[in-house]
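Asks: Next comes the sequence, and after it the predicted model I'd like to discuss.
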Amino acid sequence: MADAVAPLLRTEEIGKTFKVQRRHRLVTRNVDFVALDKISFQVRPGETVGLVGESGSGKSTTARVVARLLEPSTGRLFFQEEDITHATGSTLRRIRSQVQFVFQDPFSSLNPRHTVQQIITAPLVYQGRPVPGGARKFAGDLLEQVGLDPDHVDRYPHQFSGGQAQRIGIARAIAVRPSLVICDEAVSALDVSVQAQVIELLRGLQREYGFAYLFIAHDLAVVRQVAHWVCVMSEGRIVEQGHRDAIFDHPQHPYTRTLLEAVPRIPSDWVLPGRSGHHPAPAQKHEGEG
Ligand SMILES: Nc1ncnc2c1ncn2[C@@H]1O[C@H](COP(=O)(O)OP(=O)(O)OP(=O)(O)O)[C@@H](O)[C@H]1O
Ligand SMILES: [Mg+2]
């Protein structure tokens, strides 16, 4: 990756080991499980790094370490060139306010008993910061920025569709004007047309406010639309990283090629599902077919 601009975030051979219990015959032992092994990458201001790889490859763990919700076991982590590998107290709080998350399921990540206004202003309130212009106007302005009706600040999450709820999750994430937004499968649960709208929103917000994104997704087609750089993870390691076009057009690592080959090509006569899980399913077969 080019070095013209100082990185916002940089990891140097980060490792993360968890103590897990392994049972063999009748004996249970504590063993070390290496979830991350020598992870080195960087995110520059205003750019998007896509993180892809199969389930369990360490994507979310990388995100949690980068946001310092977890402490790295080895290696070093820099935020704006400051070593935050083992930061604590006020330094840690300052970094965490610079890094916000958008998760996969908006309904489980938004408090169902809070109004949109409470949800959107919560990060500021939590940080003890004043809400500029008053909570109602502040929340309304943010709703407008994410393409929702500013008059809906008194509504509750269940009164919105999945795509709208994810927009509220995005509004909450950007309320504190972070420099990095981590999207962990943020559009994976949305159906295809809504997914495209939310991706467009994220790109628009990046253009306007200069957020950097760490964009985690199973769906390589989605990553290709949003990421400037791509890191491919397998079994806790980054096996390949580079510019989006290089990774997609000239993958070097066999694992990357396997991932790319696994991208489904959807026949045009397939019926795409409505609100659903991860993957488009083929249309139901009718009796007597095939
Ligand atoms: N707190 C923990 N204790 C023990 N093992 C953990 C812990 N957190 C994660 N792991 C393990 O680390 C590995 C990486 O998990 P991680 O959640 O980062 O994968 P992922 O790439 O995000 O997968 P997915 O695509 O399914 O979300 C997995 O084997 C997981 O079981
Ligand atoms: Mg994950």
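Replies: Received, thanks. Ligands and ions are numbered 1, 2, ... in the order given.
Asks: where along the stretch 51-200 of the chain do the helices fall?
Replies: Taking DSSP state H, counting those that start in this stretch, the helices of the stretch 51-200 of the chain run over residues 59-66, 89-98, 106-109, 116-126, 135-145, 162-174, 192-209.
Asks: Tell me which of those lies nearest to residue 23.
Replies: Ranking the helices of the stretch 51-200 of the chain by their distance to residue 23 (criterion: CB to CB) puts helix 59-66 first, at 22.7 Å. In short, each C-beta sits where N, CA and C put it, glycine included.
Asks: which ones are touching the residue nearest to residue 217 when sequence neighbours are not counted?
Replies: Excluding the flanking residues, the one nearest residue 217 by CB to CB, 6 or more residues apart in numbering is residue 223, at 5.2 Å. When contacts are counted by CB atoms under 8 Å, 6 or more residues apart in numbering, residue 223 touches 50, 52, 215, 217, 230, 244.
Asks: ok so, going back, between the helices of the stretch 51-200 of the chain, which one is closest to residue 79.
Replies: helix 89-98 (5.4 Å).
Asks: And for that closest one, what's in contact with it?
Replies: Here helix 89-98 makes contact (CB under 8 Å, 6+ apart) with 67-69, 79, 84, 87, 123, 127, 176, 178-180.
Asks: For the residue most central in space within the chain, which residues count as its bridge partners?
Replies: By CA atoms, centre = their mean, the mean C-alpha position of the chain lies nearest to residue 183, the distance being 1.8 Å. Beta bridges link residue 183 to residue 102, residue 215, judged by DSSP bridges.
Asks: Hmm, residue 102 and it touching each other?
Replies: Yes. Residue 183 is in contact with residue 102 according to CB atoms under 8 Å; the separation is 4.8 Å.
Asks: pull the CA atoms of stretch 178-189 into PDB?
Replies: Taking C-alpha atoms only, stretch 178-189 is exported to PDB below (Å, rounded to 0.1, in the frame of the first residue of the first chain):
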ATOM      1  CA  PRO A 178     -15.300   8.900  14.500                       C
ATOM      2  CA  SER A 179     -12.300   8.600  12.200                       C
ATOM      3  CA  LEU A 180     -12.800   4.900  11.700                       C
ATOM      4  CA  VAL A 181     -16.100   3.000  11.400                       C
ATOM      5  CA  ILE A 182     -15.900  -0.800  11.600                       C
ATOM      6  CA  CYS A 183     -18.700  -2.400   9.600                       C
ATOM      7  CA  ASP A 184     -18.800  -6.100  10.700                       C
ATOM      8  CA  GLU A 185     -21.100  -7.800   8.200                       C
ATOM      9  CA  ALA A 186     -23.200  -4.600   8.400                       C
ATOM     10  CA  VAL A 187     -25.100  -5.200   5.100                       C
ATOM     11  CA  SER A 188     -25.000  -9.000   5.200                       C
ATOM     12  CA  ALA A 189     -28.500  -9.500   6.600                       C
END
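Asks: near ligand 1, anything from that stretch?
Replies: No. Applying CB under 6 Å from any ligand atom, one finds stretch 178-189 out of contact with ligand 1, separated by at least 6.7 Å.
Asks: Please name the nearest non-neighbouring residue to whichever residue of the stretch 151-290 of the chain sits closest to ligand 2.
Replies: Using CB to the ion, the closest approach of the stretch 151-290 of the chain to ligand 2 is made by residue 184 at 6.0 Å. Closest residue to residue 184 apart from its sequence neighbours, by CB to CB, 6+ apart: residue 216 at 4.7 Å.
Asks: Tell me which residues touch the one you found, please.
Replies: 50-52, 59-60, 63, 182-185.
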